[in-house]
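Student: 3D, please:
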Amino acid sequence: MTTTTSTAGAVPTAPRRPQNLWVEAGQRLLGNAAGRIGLTITLALLALALFIPIVMPYNPATDRNLRLRLVAPAWTLSADEREQRTLSRTDIPFGTDDLGRDIFTRVLHGTRISLTAGVLAVSLAVIVGSLLGLVAGFVGGWFDTVAVWIMDLMLAFPSILLAIVIVSVAGPSLFNALLAVSIVEIPIFGRIARSTVLSIREQEYITAARAVGVPSHSILFRHVLPNSLAPMMVQATLSIATAIINIAALGFLGLGAQPPQPEWGSMLAQARNFVGQGMWWYSTFPGLAIMITVLGFNLLGDGLRDALDPRLKR
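Tutor: Purely as a prediction, here's the structure:
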């Protein structure tokens, strides 16, 4: 005797609603250890850049105490040395420079300068490079050929050398350093955008859009551009790290931010004459700030690359 299971009272289950692709990518990013660390570092740096000028106002032209020139961090001093200088153990945690300025305060305020310069440089490169690459790949012909030649020519030069040439011609300043770093990053985003266009411009949905009379500019910005956002976001995150290093390098060479601005590269330039005299703190903490910032953006870029790669979807 066989028994049958009645399904009369079964409640039909609703089909599972597909999850938003960006939400799913965000979950994969948070599930990635490198992505979590990079995101934490980046958000902490952004918070410092936003709130430090409000919480701790700073005027680099007046921040100096010649009585405390080249003093090591207070936590490394003996009790007698701290008492002699009327310092507590938590004062000047990063020491002071040759003008008696608090390196801790200058490093924190340097976060805003370096992040702002790096983000603006990459943002400008993304806008110009993506537009150039999208139009070149979509239009083709002589415009594509000329655009590719220009991008290949720019990529033939080491980025920092090309930036040095541009700043040397334009004159040393933080704005010119930002502009030079942005220019050398343009061909990177141009090539990414162009390769995306070349891979999808003959797809069926693009052909269908053309067949029903959708204007070319609408196809470009509504169908082609969204497909290049994922690789562009990953490259932008990694390029911010590169831009911060290049801006610091230009500042170290005296071509970027000028004293007394508390920019990390220029701080390292001022500290190089004291490295051999045992003043280890002068260059250590600005260098660590650059390293941690670059590490954070690189880890975030690696996490984004894994999160936005559809082949890694589980």
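
Student: any idea of the pLDDT on residue 292?
Tutor: pLDDT, residue 292: 96.

Student: Which other helices and strands does the strand or helix carrying it contact?
Tutor: Assessed by DSSP states H and E, residue 292 sits inside helix 280-308. Under the contact definition 3 or more C-beta pairs under 8 Å, 6 or more residues apart in numbering; DSSP states H and E, helix 280-308 sits against helix 21-30, helix 33-55, helix 103-139, helix 229-252, helix 264-271. In short, each C-beta sits where N, CA and C put it, glycine included.

Student: any low-confidence regions in this protein?
Tutor: Filtered on pLDDT under 70, the chain yields the residue ranges 1-22, 309-314.

Student: most centrally placed residue in it?
Tutor: residue 240 (2.3 Å; C-alpha atoms, centre = their mean).

Student: Please name the residues that touch that one.
Tutor: Contact analysis of residue 240 by C-beta atoms under 8 Å, 6 or more residues apart in numbering lists 118, 119, 122, 297.

Student: And for residue 292?
Tutor: With C-beta under 8 Å, 6+ apart, residue 292 has these contacts: residue 41.

Student: For residue 45, see how far away it is.
Tutor: 8 Å (C-beta to C-beta, to the nearest Å).

Student: ok, back up a step: neighbour-wise, which of the contacts of residue 240 leads?
Tutor: Among the contacts of residue 240, the one with the most neighbours (other C-beta atoms under 10 Å) is residue 122, at 28 neighbours.

Student: May I ask you to confirm that residue 154 is in contact with residue 185?
Tutor: No: counting by C-beta atoms under 8 Å, residue 185 is not a contact partner of residue 154; they are 9.6 Å apart.

Student: Comparing these two, which residue is more hemmed in?
Tutor: residue 185 (27 against 17).

Student: what's the spacing between that one and residue 127?
Tutor: Counting by C-beta to C-beta - residue 185 and residue 127 are separated by 11 Å.

Student: do residue 189 as well
Tutor: To residue 127, residue 189 is 9 Å away according to C-beta to C-beta.

Student: So which of those two has more stuff around it?
Tutor: Using other C-beta under 10 Å as the criterion, residue 189 and residue 127 rank with residue 189 on top: 26 against 13.

Student: residue contacts, the more buried one?
Tutor: 125, 126, 128, 129, 130, 133, 232, 235, 236, 239.

Student: hmm, 6 Å instead?
Tutor: Residues in contact with residue 189, defined by C-beta atoms under 6 Å, 6 or more residues apart in numbering, are 125, 126, 129, 130.

Student: quick one: the host helix or strand of it to helix 103-139, angle?
Tutor: Assigned by DSSP H and E, residue 189 belongs to helix 174-200. Using axes from the mean of the first three to the mean of the last three C-alpha atoms, to 10 degrees, the direction of helix 174-200 lies 40 degrees away from that of helix 103-139.

Student: starting at the chain centroid, how far to the following helix or strand past helix 174-200?
Tutor: Per DSSP H and E, the first helix or strand lying C-terminal to helix 174-200 is helix 204-211. Relative to its chain's centre, helix 204-211 lies at 36 Å (C-alpha atoms, centre = their mean, to the nearest Å).

Student: same deal with stretch 148-164?
Tutor: 20 Å.

Student: Tell me the span between the first and last residue of that stretch.
Tutor: Distance across stretch 148-164, first residue to last, is 23 Å (C-alpha to C-alpha, to the nearest Å).

Student: in it, what's buried?
Tutor: Of all the residues in stretch 148-164, those buried under the rule 16 or more other C-beta atoms under 10 Å are 148, 151, 154, 159, 160, 162, 163, 164.

Student: same question, stretch 198-209
Tutor: Those would be 200, 201, 206, 209, for stretch 198-209 by 16+ other C-beta under 10 Å.

Student: Also stretch 295-305?
Tutor: With burial defined by 16+ other C-beta under 10 Å, the residues of stretch 295-305 counted as buried are 296, 297, 298, 299, 300, 301, 302, 303, 304, 305.

Student: Export it to CSV, keeping only CA atoms.
Tutor: What follows is stretch 295-305, C-alpha atoms only, in CSV (Å, rounded to 0.1, in the frame of the first residue of the first chain):
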residue,chain,number,x,y,z
LEU,A,295,48.4,50.6,1.9
GLY,A,296,44.8,51.4,2.7
PHE,A,297,43.9,52.5,-0.8
ASN,A,298,45.8,49.5,-2.4
LEU,A,299,43.9,47.0,-0.1
LEU,A,300,40.6,48.7,-0.9
GLY,A,301,41.4,48.5,-4.6
ASP,A,302,42.2,44.8,-4.4
GLY,A,303,39.0,44.2,-2.4
LEU,A,304,37.0,46.1,-5.0
ARG,A,305,38.5,44.2,-7.8
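
Student: Count the residues that sit near the residue lying closest to residue 124 once chain neighbours are set aside.
Tutor: Spatially, and ignoring its direct neighbours in sequence, residue 124 is nearest to residue 182 (4.3 Å; C-beta to C-beta, 6 or more residues apart in numbering). The number of residues packed near residue 182 is 24, by other C-beta under 10 Å.
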